[in-house]
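Peer 1: Sequence first, then the predicted structure, then my questions.
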Amino acid sequence: MKLVEGVTDNVTVVEAYGRLDSTTSKELGDRLTKLVQSGRSSILVDLQNIAYISSAGFRVLLIANRATAEKQGKLALCGVIGEVRRLFEIGSFTDEFLICPSQAEGIGKLKP
Amino acid sequence: MAAGPSAGSGTGRSASTEIRIANRIAEMERVVELVDSFGADHQLSNEVMVALNVSLDEILNNIISYAYEDTSDHDIVVRIELRDGSVEVVVADDGKPFNPLLAADPDLAAKPRQVGGVGLHFVRKLTDQLEYARRDGINELRFRKKLRES
(Lines give C-alpha, C1' and ligand atoms only; values in the text may rest on other atoms or scores of the structure.)
Protein backbone atom coordinates (compact mmCIF):
# COMPACT_ATOMS: atom_id res chain seq x y z
CA MET A 1 0.00 0.00 0.00
CA LYS A 2 1.33 3.40 -0.99
CA LEU A 3 -0.26 6.58 0.33
CA VAL A 4 0.42 9.99 -1.18
CA GLU A 5 -0.82 12.92 0.86
CA GLY A 6 -1.27 16.53 -0.20
CA VAL A 7 -3.28 19.61 0.70
CA THR A 8 -5.23 21.71 -1.82
CA ASP A 9 -7.54 24.58 -0.76
CA ASN A 10 -7.35 23.32 2.86
CA VAL A 11 -8.59 19.90 1.77
CA THR A 12 -6.31 16.98 2.66
CA VAL A 13 -6.14 14.62 -0.28
CA VAL A 14 -4.94 11.04 0.32
CA GLU A 15 -4.25 9.03 -2.82
CA ALA A 16 -4.15 5.31 -2.09
CA TYR A 17 -2.31 2.85 -4.33
CA GLY A 18 -2.55 -0.94 -4.36
CA ARG A 19 -5.24 -2.98 -2.66
CA LEU A 20 -7.36 -2.43 0.43
CA ASP A 21 -7.59 -5.79 2.13
CA SER A 22 -6.82 -7.62 5.38
CA THR A 23 -3.08 -7.00 5.23
CA THR A 24 -3.04 -3.42 3.94
CA SER A 25 -6.11 -1.65 5.34
CA LYS A 26 -4.59 -0.89 8.72
CA GLU A 27 -2.07 1.45 7.10
CA LEU A 28 -4.81 3.58 5.52
CA GLY A 29 -6.91 3.40 8.69
CA ASP A 30 -4.01 4.57 10.86
CA ARG A 31 -3.23 7.42 8.48
CA LEU A 32 -6.83 8.64 8.39
CA THR A 33 -7.17 8.39 12.19
CA LYS A 34 -4.02 10.45 12.58
CA LEU A 35 -5.33 13.11 10.18
CA VAL A 36 -8.67 13.35 12.00
CA GLN A 37 -6.97 13.51 15.39
CA SER A 38 -4.63 16.25 14.22
CA GLY A 39 -7.66 18.37 13.38
CA ARG A 40 -7.94 18.00 9.60
CA SER A 41 -11.62 18.50 8.96
CA SER A 42 -11.82 18.04 5.18
CA ILE A 43 -10.41 14.78 3.91
CA LEU A 44 -10.67 13.38 0.38
CA VAL A 45 -9.58 9.79 -0.25
CA ASP A 46 -8.79 9.02 -3.89
CA LEU A 47 -9.33 5.34 -4.69
CA GLN A 48 -8.60 5.57 -8.41
CA ASN A 49 -5.45 3.44 -8.10
CA ILE A 50 -6.92 0.81 -5.83
CA ALA A 51 -7.39 -2.58 -7.50
CA TYR A 52 -9.97 -3.88 -5.05
CA ILE A 53 -11.45 -3.41 -1.57
CA SER A 54 -12.44 -6.26 0.73
CA SER A 55 -14.64 -5.90 3.81
CA ALA A 56 -11.52 -5.13 5.87
CA GLY A 57 -11.01 -2.07 3.66
CA PHE A 58 -14.64 -0.97 3.87
CA ARG A 59 -14.38 -1.22 7.63
CA VAL A 60 -11.55 1.35 7.83
CA LEU A 61 -13.37 3.69 5.43
CA LEU A 62 -16.57 3.51 7.53
CA ILE A 63 -14.61 4.13 10.73
CA ALA A 64 -12.83 7.14 9.22
CA ASN A 65 -16.14 8.46 7.91
CA ARG A 66 -17.67 8.29 11.39
CA ALA A 67 -14.59 9.74 13.07
CA THR A 68 -14.60 12.82 10.80
CA ALA A 69 -18.35 13.31 11.29
CA GLU A 70 -17.93 13.16 15.08
CA LYS A 71 -15.45 16.03 14.82
CA GLN A 72 -17.84 18.01 12.58
CA GLY A 73 -15.51 17.33 9.66
CA LYS A 74 -16.18 15.90 6.24
CA LEU A 75 -14.76 12.92 4.41
CA ALA A 76 -15.33 12.24 0.74
CA LEU A 77 -14.17 9.61 -1.72
CA CYS A 78 -13.28 9.91 -5.39
CA GLY A 79 -11.94 7.56 -8.05
CA VAL A 80 -14.65 5.02 -7.24
CA ILE A 81 -14.55 3.34 -10.64
CA GLY A 82 -14.53 -0.06 -12.35
CA GLU A 83 -14.28 -3.09 -10.08
CA VAL A 84 -14.02 -0.90 -6.99
CA ARG A 85 -17.36 0.73 -7.83
CA ARG A 86 -18.87 -2.72 -8.36
CA LEU A 87 -17.70 -3.75 -4.88
CA PHE A 88 -19.28 -0.60 -3.39
CA GLU A 89 -22.52 -1.58 -5.11
CA ILE A 90 -22.42 -5.25 -4.06
CA GLY A 91 -21.83 -4.24 -0.45
CA SER A 92 -24.43 -1.44 -0.63
CA PHE A 93 -21.82 1.06 0.50
CA THR A 94 -22.52 3.74 -2.11
CA ASP A 95 -24.99 5.60 0.11
CA GLU A 96 -22.70 5.51 3.14
CA PHE A 97 -20.16 7.91 1.68
CA LEU A 98 -19.98 11.22 -0.11
CA ILE A 99 -18.64 10.00 -3.45
CA CYS A 100 -17.35 12.58 -5.93
CA PRO A 101 -16.65 11.93 -9.62
CA SER A 102 -13.17 13.47 -9.57
CA GLN A 103 -10.51 14.84 -7.23
CA ALA A 104 -11.24 18.39 -8.42
CA GLU A 105 -14.94 18.06 -7.68
CA GLY A 106 -14.21 16.48 -4.33
CA ILE A 107 -11.98 19.39 -3.36
CA GLY A 108 -14.69 21.80 -4.53
CA LYS A 109 -17.26 20.07 -2.35
CA LEU A 110 -15.08 19.83 0.74
CA LYS A 111 -13.22 23.13 0.79
CA PRO A 112 -14.16 25.15 3.84
CA MET B 1 5.06 -21.71 -6.47
CA ALA B 2 4.76 -21.68 -10.24
CA ALA B 3 1.61 -22.95 -11.87
CA GLY B 4 1.60 -26.50 -13.12
CA PRO B 5 1.93 -27.45 -16.76
CA SER B 6 -0.66 -26.14 -19.16
CA ALA B 7 -2.41 -28.51 -21.49
CA GLY B 8 -4.21 -27.50 -24.66
CA SER B 9 -5.55 -24.02 -25.28
CA GLY B 10 -8.65 -21.89 -24.95
CA THR B 11 -11.22 -23.11 -22.45
CA GLY B 12 -9.55 -26.51 -22.47
CA ARG B 13 -6.42 -25.29 -20.72
CA SER B 14 -5.73 -26.55 -17.24
CA ALA B 15 -3.22 -25.82 -14.51
CA SER B 16 -3.04 -25.91 -10.77
CA THR B 17 -1.04 -24.50 -7.92
CA GLU B 18 -1.12 -24.80 -4.15
CA ILE B 19 0.13 -22.92 -1.12
CA ARG B 20 0.22 -23.66 2.58
CA ILE B 21 0.15 -20.71 4.97
CA ALA B 22 0.20 -20.32 8.75
CA ASN B 23 -2.85 -18.89 10.52
CA ARG B 24 -1.58 -15.32 10.66
CA ILE B 25 -3.04 -12.32 8.81
CA ALA B 26 0.40 -11.33 7.47
CA GLU B 27 0.64 -14.72 5.72
CA MET B 28 -2.28 -13.75 3.48
CA GLU B 29 0.10 -11.58 1.49
CA ARG B 30 1.66 -14.78 0.12
CA VAL B 31 -1.73 -15.90 -1.19
CA VAL B 32 -2.21 -12.57 -2.99
CA GLU B 33 1.20 -13.01 -4.62
CA LEU B 34 0.30 -16.53 -5.74
CA VAL B 35 -3.06 -15.43 -7.17
CA ASP B 36 -1.40 -12.52 -8.97
CA SER B 37 1.25 -14.73 -10.57
CA PHE B 38 -1.32 -17.41 -11.45
CA GLY B 39 -3.51 -14.73 -13.02
CA ALA B 40 -0.62 -13.29 -15.01
CA ASP B 41 0.49 -16.73 -16.22
CA HIS B 42 -3.00 -17.55 -17.47
CA GLN B 43 -4.10 -14.06 -18.53
CA LEU B 44 -7.09 -14.01 -16.24
CA SER B 45 -9.30 -10.93 -16.58
CA ASN B 46 -9.29 -8.15 -14.00
CA GLU B 47 -12.82 -9.08 -12.99
CA VAL B 48 -11.81 -12.69 -12.29
CA MET B 49 -8.71 -11.56 -10.38
CA VAL B 50 -10.75 -9.21 -8.18
CA ALA B 51 -13.27 -11.98 -7.49
CA LEU B 52 -10.50 -14.42 -6.51
CA ASN B 53 -8.56 -11.96 -4.38
CA VAL B 54 -11.54 -10.50 -2.53
CA SER B 55 -13.10 -13.93 -1.92
CA LEU B 56 -9.85 -15.37 -0.60
CA ASP B 57 -9.29 -12.31 1.59
CA GLU B 58 -12.70 -12.76 3.19
CA ILE B 59 -12.44 -16.54 3.61
CA LEU B 60 -8.90 -16.55 5.01
CA ASN B 61 -9.52 -13.58 7.31
CA ASN B 62 -12.56 -15.40 8.72
CA ILE B 63 -10.60 -18.60 9.32
CA ILE B 64 -7.60 -16.87 10.87
CA SER B 65 -9.78 -14.63 13.07
CA TYR B 66 -12.43 -17.10 14.23
CA ALA B 67 -11.63 -20.74 13.48
CA TYR B 68 -9.09 -21.50 16.19
CA GLU B 69 -9.66 -21.73 19.90
CA ASP B 70 -6.05 -22.48 20.79
CA THR B 71 -2.92 -20.42 20.28
CA SER B 72 -0.90 -23.01 18.36
CA ASP B 73 0.12 -22.70 14.75
CA HIS B 74 -2.18 -24.17 12.14
CA ASP B 75 -1.77 -24.70 8.43
CA ILE B 76 -4.30 -23.47 5.91
CA VAL B 77 -4.07 -24.87 2.40
CA VAL B 78 -5.22 -22.95 -0.67
CA ARG B 79 -5.41 -24.77 -3.99
CA ILE B 80 -6.15 -22.96 -7.23
CA GLU B 81 -7.06 -24.86 -10.33
CA LEU B 82 -7.88 -23.77 -13.86
CA ARG B 83 -10.11 -26.13 -15.82
CA ASP B 84 -13.26 -26.30 -17.92
CA GLY B 85 -13.31 -22.53 -18.41
CA SER B 86 -13.35 -21.84 -14.67
CA VAL B 87 -11.00 -21.19 -11.82
CA GLU B 88 -11.71 -23.47 -8.90
CA VAL B 89 -10.35 -22.63 -5.46
CA VAL B 90 -10.29 -24.91 -2.43
CA VAL B 91 -9.47 -23.62 1.05
CA ALA B 92 -8.85 -26.27 3.70
CA ASP B 93 -8.37 -25.61 7.43
CA ASP B 94 -8.42 -27.67 10.61
CA GLY B 95 -10.32 -25.08 12.64
CA LYS B 96 -13.67 -25.61 14.29
CA PRO B 97 -16.50 -26.65 11.95
CA PHE B 98 -17.97 -23.66 10.14
CA ASN B 99 -20.27 -23.79 7.13
CA PRO B 100 -20.27 -20.31 5.59
CA LEU B 101 -23.22 -21.28 3.38
CA LEU B 102 -25.39 -21.32 6.49
CA ALA B 103 -24.30 -17.88 7.69
CA ALA B 104 -27.07 -15.27 7.77
CA ASP B 105 -27.18 -12.56 5.13
CA PRO B 106 -25.97 -9.20 6.44
CA ASP B 107 -28.41 -6.33 6.97
CA LEU B 108 -27.23 -4.00 4.23
CA ALA B 109 -29.68 -1.29 5.30
CA ALA B 110 -28.68 -1.18 8.99
CA LYS B 111 -28.00 2.25 10.51
CA PRO B 112 -25.31 2.73 11.56
CA ARG B 113 -23.93 0.49 8.88
CA GLN B 114 -22.17 -2.65 10.16
CA VAL B 115 -19.43 -4.47 8.28
CA GLY B 116 -19.96 -7.85 9.96
CA GLY B 117 -21.28 -10.43 7.52
CA VAL B 118 -20.43 -8.42 4.44
CA GLY B 119 -17.35 -10.54 3.76
CA LEU B 120 -19.32 -13.71 3.05
CA HIS B 121 -21.87 -11.66 1.12
CA PHE B 122 -19.00 -10.59 -1.17
CA VAL B 123 -17.91 -14.22 -1.59
CA ARG B 124 -21.46 -15.30 -2.52
CA LYS B 125 -21.89 -12.46 -5.02
CA LEU B 126 -18.46 -12.72 -6.62
CA THR B 127 -18.33 -16.49 -7.16
CA ASP B 128 -20.38 -18.76 -9.39
CA GLN B 129 -20.53 -21.79 -7.14
CA LEU B 130 -19.78 -22.30 -3.47
CA GLU B 131 -19.62 -25.64 -1.65
CA TYR B 132 -18.70 -26.67 1.86
CA ALA B 133 -17.73 -30.03 3.31
CA ARG B 134 -16.35 -31.16 6.65
CA ARG B 135 -14.11 -34.20 6.23
CA ASP B 136 -11.89 -35.84 8.86
CA GLY B 137 -11.76 -32.71 10.99
CA ILE B 138 -11.05 -30.44 8.02
CA ASN B 139 -13.25 -27.61 6.73
CA GLU B 140 -13.13 -27.62 2.95
CA LEU B 141 -14.59 -24.61 1.19
CA ARG B 142 -14.64 -24.78 -2.59
CA PHE B 143 -15.66 -22.04 -4.98
CA ARG B 144 -15.70 -21.65 -8.71
CA LYS B 145 -15.40 -18.55 -10.86
CA LYS B 146 -16.21 -18.75 -14.55
CA LEU B 147 -13.64 -17.11 -16.81
CA ARG B 148 -16.42 -15.63 -18.90
CA GLU B 149 -19.97 -14.60 -18.13
CA SER B 150 -22.33 -16.94 -19.93
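Peer 2: On my side now, so go ahead.
Peer 1: and the longest helix along chain A, is it in reach of chain B?
Peer 2: Counting by DSSP state H, the longest helix found in chain A is helix A:55-70. Yes - counting by Cβ under 8 Å from any Cβ of the partner chain, chain B has neighbours in helix A:55-70: A:55-56, A:58-59, A:62, A:66. Placement of C-beta: from N, CA and C, glycine included.
Peer 1: Can you tell me the SS state at residue A:5?
Peer 2: strand (DSSP: H, G, I helix; E, B strand; the rest coil).
Peer 1: Once you drop chain neighbours, what's closest to it?
Peer 2: residue A:14 (5.3 Å; Cβ to Cβ, 6 or more residues apart in numbering or on different chains).
Peer 1: again, but for residue B:83
Peer 2: residue B:14 (4.2 Å).
Peer 1: neighbours around that neighbour, how many?
Peer 2: A count of nearby residues for residue B:14, using other Cβ atoms under 10 Å in any protein chain shown, gives 16.
Peer 1: Tell me the spacing between it and residue B:82.
Peer 2: 6 Å (Cβ to Cβ, to the nearest Å).
Peer 1: Repeat that for residue A:17.
Peer 2: Remark: distance between residue A:17 and residue B:82 (Cβ to Cβ) = 29 Å.
Peer 1: In terms of neighbours, single out the busier of those two.
Peer 2: Taking neighbours as other Cβ under 10 Å, residue A:17 and residue B:82 compare with residue B:82 leading, 23 against 14.
Peer 1: wait, the more buried one sits on residue B:13?
Peer 2: Yes - assessed by Cβ atoms under 8 Å, residue B:82 is found in contact with residue B:13 at 6.4 Å.
Peer 1: tell me, what's touching the two both at once?
Peer 2: By the contact definition Cβ atoms under 8 Å, 6 or more residues apart in numbering or on different chains, residue B:82 and residue B:13 are jointly contacted by residue B:42.
Peer 1: which of the residues of helix A:55-70 next to chain B tops the neighbour count?
Peer 2: residue A:55 (28 neighbours).
Peer 1: Check it and give its pLDDT.
Peer 2: In this model, residue A:55 is scored at 97, pLDDT.
Peer 1: Now do the SS call for the closest residue to it other than its chain neighbours.
Peer 2: Once flanking residues are discounted, residue A:55 sits nearest to residue B:119: 4.1 Å by Cβ to Cβ, 6+ apart. Here residue B:119 is recorded as helix under three-state DSSP.
Peer 1: quick one: stretch A:82-99 near chain B?
Peer 2: Yes - Stretch A:82-99 is in contact with chain B by Cβ under 8 Å from any Cβ, via A:82-83, A:87, A:90-93, A:96.
Peer 1: Just among the residues you listed, which is most surrounded?
Peer 2: Busiest of those [other Cβ under 10 Å] is residue A:87, holding 24 neighbours.
Peer 1: element containing it, please.
Peer 2: Here residue A:87, judged by DSSP states H and E, is contained in helix A:82-90.
Peer 1: So which elements touch that helix?
Peer 2: For helix A:82-90, the elements it packs on are strand A:42-53, helix B:46-66, helix B:118-126, judged by 3 or more Cβ pairs under 8 Å, 6 or more residues apart in numbering or on different chains; DSSP states H and E.
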